[in-house]
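Visitor: Need a 3D model of the following:
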Amino acid sequence: MDHIRIATRGSRLALWQAEHIKSLLVEAYPHLDVILKVIKTKGDKIQDVPLAQVGGKGLFVKEIEEALLDGRADIAVHSMKDVPTELPEDLLLGVIPQREACEDCIVSHTYPGLDSLPQGARVGTSSLRRQSQLLRLRPDLSIISLRGNLDTRLRKLEQGDFDAILVALAGLNRLGLSAPYVEKLPPHIFIPAVAQGALGIEFHRDRKDIAELLAFLDHPDSRISVTAERGFLCALDGGCQVPIACHAVIEHKQVVLTGLVADVKGERVVSGKRSGPIDEAKKIGEELAWEILERGGRKILQEFYLS
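Guide: Below you'll find the model as predicted:
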């Protein structure tokens, strides 16, 4: 193989992620020609509506997967938190590289962190998961919808449109961005999105040559954690626009998984924890989901989908 085409979204973060994989490939295979193909997705085109109102799964991946299926691209580099748990039959997530930081963070130009935000402070986020957990901790805050890429969000914060914004720490780290105050929210207080901070490389399941080419990029611990979290999400039949959170760690060859389902105001929260062998990661995620559904999560999700 003398060349490989990477399908990617066009945001600065998505391009960084694709360039990161490109650099690793070129380092391993100096004579390989790696070409980036930028594809605009439905989620990129609709910027003036909160994601939860757009509806549907795969808002940031469907058009990219179509490029893999029709042969315009060889591989796709995704943010794993955007990828639905059900893939097209002919595609697979063959590689999960080493995961970045999974945490969310509070970013502000004025206030050092969550506890210092004044009553009624304006906090920007488009994520119902973040909104729900934030209101659970600080029901007095005013949550304002904030869409756009990371640069846009930080610019709006700097302009004074918000007192603080909630974003993924991985994005700040990858792009080398910051603000006067960045407070990391630890997962035991604020559970991240499923697979947040992880990348996934998708390709056609018939491409054994690509599987062999990319095998060195796969990170076993990251794959196990992501598998457990996605097992949880799949059993809930949820997407990244729903108030669902999950975080897995590996301790002594065991997966330890914490999950949550909540209403959008953070008033009703059903959470749980489960652990088990790493080779049963998906099953552990599914079992935790079933437990949470039985304990009230099903009712919360049904109300959400009907609203």
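
Visitor: What ranges does the stretch 201-307 of the chain have for its strands?
Guide: 244-251, 254-262, 269-277 (DSSP state E, counting those that start in this stretch).

Visitor: Provide the strand pairings for the first one, with the direction of each partner.
Guide: For strand 244-251, the paired strands and their directions (DSSP bridges) read strand 254-262 (antiparallel).

Visitor: distance between the partner strand and the chain's centre?
Guide: 15 Å (C-alpha atoms, centre = their mean, to the nearest Å).

Visitor: Which residues belonging to it are considered buried?
Guide: Using 16 or more other C-beta atoms under 10 Å as the test for burial, strand 254-262 gives 255-262. In short, each C-beta sits where N, CA and C put it, glycine included.

Visitor: Over to stretch 91-102?
Guide: 91-97, 99-102.

Visitor: Among those, which one lies nearest to Lys156?
Guide: Nearest to Lys156 out of the buried residues of stretch 91-102 is Ala101 (C-beta to C-beta; 22.7 Å).

Visitor: Can you tell me the SS state at the residue nearest to Leu199 when sequence neighbours are not counted?
Guide: Excluding the flanking residues, the one nearest Leu199 by C-beta to C-beta, 6 or more residues apart in numbering is Pro97, at 5.2 Å. For Pro97, the assignment made with DSSP: H, G, I helix; E, B strand; the rest coil gives coil.

Visitor: measure Pro97 to Glu291 for me?
Guide: Pro97 sits at a distance of 31 Å from Glu291 (criterion: C-beta to C-beta, to the nearest Å).

Visitor: Likewise for Ile144?
Guide: As judged by C-beta to C-beta, Ile144 and Glu291 stand 34 Å apart.

Visitor: what element comes up after the least confident helix or strand in the chain by mean pLDDT heading to the C-terminus?
Guide: Lowest on mean pLDDT, DSSP states H and E among the helices and strands of the chain sits helix 51-54, with a mean of 48. Sequence order places helix 62-69 as the next helix or strand after helix 51-54, per DSSP states H and E.

Visitor: Residues touching that following helix, excluding its own?
Guide: If you take C-beta atoms under 8 Å, 6 or more residues apart in numbering as the criterion, helix 62-69 is touched by 7-9, 37, 39-42, 58, 73-76, 78, 87-88, 90-91, 202-204.

Visitor: re earlier: kindly reformat the buried residues of strand 254-262 as JSON lines containing distance to Arg130.
Guide: Shown next, in JSON lines, are these (distance: C-beta to C-beta, whole Å):
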{"residue": "Val255", "distance to Arg130": "24"}
{"residue": "Val256", "distance to Arg130": "23"}
{"residue": "Leu257", "distance to Arg130": "20"}
{"residue": "Thr258", "distance to Arg130": "16"}
{"residue": "Gly259", "distance to Arg130": "16"}
{"residue": "Leu260", "distance to Arg130": "12"}
{"residue": "Val261", "distance to Arg130": "14"}
{"residue": "Ala262", "distance to Arg130": "11"}
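
Visitor: which one among the residues you listed gets closest to Ala281?
Guide: Closest to Ala281, out of all of the buried residues of strand 254-262 and judged by C-beta to C-beta, is Val255, at 5.1 Å.

Visitor: Is that closest one in contact with Ala248, as I believe?
Guide: Yes: using C-beta atoms under 8 Å as the test, Val255 is close enough to Ala248 to be in contact (5.6 Å).

Visitor: any idea how far the residue sitting nearest the centre point of the chain is from Ala28?
Guide: Central residue of the chain (C-alpha atoms, centre = their mean): Lys81, 2.5 Å from the mean position. Counting by C-beta to C-beta, the gap from Lys81 to Ala28 is 26 Å.
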